[in-house]
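> Just to be clear, the model below is a prediction. Sequence and coordinates:
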Amino acid sequence: MRYYDPHECSQLNELKVDMGVLNIISGWHSAGDVIIVEQMPMFGGYAGGIEETAICDVATTLASFAVFNGDIHLDGPIHIRWGTTTTRETLQVASHAAAALDYNTDLLLANQYYTMAGPCTEMCLLETAAQAIADTASGRELLSGVASAKGVLIDRATGLEARMLGEASAATCGMEISEVNKILDKVVSKYEMNFFNAPLGKTYRECYNVDESTPSNEYLNIYDTVLDTLSDCGLGF
């Protein structure tokens, strides 16, 4: 890796660290590397509910800079029951923490995406759009994703999810928070009832032309359908 390629390591839950991480960061600092420090506070875990987890989220963010001297903090509040960043509660945690930090600091804030559903599904794209809307409106500079199907299944991530992330983020820029909240409520309500039976979708090979790295017509049609759904919810493309 080149020194200006981001080097990422992670704090431990919650507000903990071990000697391994400290040794890694020390080596990176000695080499003059760009450092991303990650932390994914758990909603419903050690920290507690929405308010407590948001406080924990802010603390872990500050620690990334004050304790580890990182350049970027990579967030990702995750639901302890569902293992995803796209629930209504985790979106609240991430948004409140980012908005507070963005208002009071000039720190570089990032967030990572773990959707319940897999590629080539409307649910996956709706989850992605919801988080991108929330992150953009709350002041994050970097959006990191998408780890579809909770990031635990092989070959269940494609470029089209990242395109949705980018388009939804761009469409949100400049919107009033009151309007964003109305849109988010509509978007989240379209997928949150499916957490018990979220579709795994298709593998990369099943929904992409591997030789050309292009999405299938099926996936493109699903993508267009979700754009129409988001437009109906009030997001302008």
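That came through fine.
> Please name the residues that touch Cys219.
For the record, residue 219 is Tyr, not Cys. Shown in contact with Tyr219 (Cβ atoms under 8 Å, 6 or more residues apart in numbering): Pro119, Cys120, Thr158, Leu160, Lys202, Cys207, Tyr208. (Glycine included, C-beta is placed from N, CA and C.)
> Can you say which two of these are spatially most distant?
Farthest pair in the contacts of Tyr219 (Cβ to Cβ) is Leu160 and Lys202. Separation: 11.2 Å.
> what do these two both touch?
Residues touching both Leu160 and Lys202 (Cβ under 8 Å, 6+ apart) are Pro119, Tyr219.
> Those two: who's more crowded?
Counted by other Cβ atoms under 10 Å, Leu160 and Lys202 do not tie: Leu160 has more neighbours, with 24 against 19.
> The nearest residue to that one once chain neighbours are set aside pairs with what?
Counting by Cβ to Cβ, 6 or more residues apart in numbering, Leu160 lies nearest to Pro215, which is 4.9 Å off, once chain neighbours are set aside. Beta bridges link Pro215 to Tyr208, judged by DSSP bridges.
> can you count the residues close to Pro215?
21.
> repeat for Glu89
Glu89: 16 neighbours (other Cβ under 10 Å).
> circling back to that earlier point, among the contacts of Tyr219, which are in strands?
Mapping the contacts of Tyr219 onto strands (DSSP state E) picks out Tyr208.
> Make CSV from the contacts of Tyr219 and add pLDDT and distance to Val58 to it.
Output for these, formatted as CSV (pLDDT from 0 to 100; distance: Cβ to Cβ, whole Å):
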residue, pLDDT, distance to Val58
Pro119, 98, 33
Cys120, 98, 36
Thr158, 96, 33
Leu160, 97, 33
Lys202, 97, 38
Cys207, 97, 38
Tyr208, 97, 39
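> Let's see if you can find the most crowded of the contacts of Tyr219.
Neighbour-wise, these (other Cβ under 10 Å) top out at Pro119, 30 neighbours.
> what's that one sitting at in phi/psi?
Here is the backbone geometry of Pro119 (degrees, to the nearest 10): phi -60, psi 160.
> shouldn't it be in contact with Leu153?
No - using Cβ atoms under 8 Å as the test, Pro119 is too far from Leu153 to be in contact (10.0 Å).
> What average pLDDT does stretch 75-86 get?
Mean pLDDT, stretch 75-86: 97.
> actually stretch 28-39, not the one I wrote
Here the average pLDDT along stretch 28-39 is 95.
> Now the terminal residues of that stretch, how far apart.
Length of stretch 28-39, first residue to last, Cα to Cα, to the nearest Å: 18 Å.
> ok, residues contacting that stretch?
1, 3-11, 13, 25, 57, 60-61, 63-65, 68-76, 110, 112.
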